[in-house]
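# Got a sequence here, can you build the structure:
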Amino acid sequence: MWFDNSEIRRQDRTLDRADAIELLNTGEFGILSMVDEDGMPYAVPLSYAYDGCDSIYIHCAGEGRKMRAIRKNENVVFVVVGNTEVLPSRFTTRYESVLVRGTAHVGLPEDERRKALRLILEKYSPDDMEVGLHYAEKSFARTDIIRIDINTVSAKAKR
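Residues are numbered from 1 along each chain as shown. The predicted model follows:
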């Protein structure tokens, strides 16, 4: 099973699988962390869509630092942070987060890229699907997709 909270130090703050999946589905953005082609840490916030099974899709340009990093090392971490609230008088913060360890893939077949773009549109622009699909088709040749195959998920919160 790919859900595993065993490495979280504060076991009293773990989220269950259902809450982790909910956060993956509803999170506004995620931070993709990787090692760049020079061996340096590199992280970037991105829009994404979770397919409801075992993959996350990210749309991007076909070139750049992120793509070079993935081509050199496909192992990535993707973090989604949900609701947060700083509690100054209590010297703490409420939060919820999910951490995905996975393998990133680029150079996906056209049909999978179109499916990913549809998932992203359904998440971010559900009321404008027709216009969004037209826009996606117009820019399809210069748009690439990263698929992260999920190896493990862990999640925690302080509520």
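
# use CA for all of it now, contacts and neighbours both
Noted.

# quick one, strands of this protein?
Using DSSP state E, the strands of the chain run over 30-35, 41-46, 49-50, 55-60, 75-81, 85-87, 92-105, 144-158.

# Of these, which stretch is the most buried?
Among the strands of the chain, strand 49-50 has the highest mean neighbour count (mean count of other C-alpha atoms under 10 Å), at a mean of 24.

# Format the strands of the chain as CSV; extra columns: mean pLDDT and distance to Q11.
Converted to CSV, the strands of the chain look like this (pLDDT from 0 to 100; distance: least, C-alpha to C-alpha, whole Å):
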stretch, mean pLDDT, distance to Q11
strand 30-35, 97, 23
strand 41-46, 96, 27
strand 49-50, 97, 25
strand 55-60, 95, 26
strand 75-81, 97, 18
strand 85-87, 91, 21
strand 92-105, 94, 14
strand 144-158, 93, 8
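
# Make a markdown table from these and add distance to R13 to it.
Formatted as a markdown table, those follow (distance: least, C-alpha to C-alpha, whole Å):
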| stretch | distance to R13 |
| --- | --- |
| strand 30-35 | 20 |
| strand 41-46 | 24 |
| strand 49-50 | 23 |
| strand 55-60 | 24 |
| strand 75-81 | 14 |
| strand 85-87 | 16 |
| strand 92-105 | 9 |
| strand 144-158 | 5 |
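
# R17 is nearest to which of the ones you listed?
strand 144-158 (8.0 Å; C-alpha to C-alpha).

# how about the top helix by length along the chain: buried residues?
The longest helix of the chain (DSSP state H) is helix 110-124. For helix 110-124, the neighbour count (16 or more other C-alpha atoms under 10 Å) marks 113-114, 116-121, 123-124 as buried.

# same question, stretch 6-23
By 16+ other C-alpha under 10 Å, the buried positions in stretch 6-23 come out as 14-15, 17, 19-21, 23.

# Quickly name whichever of those residues is closest to N83.
Ranked by distance to N83 (C-alpha to C-alpha), the buried residues of stretch 6-23 are led by L23 at 9.5 Å.
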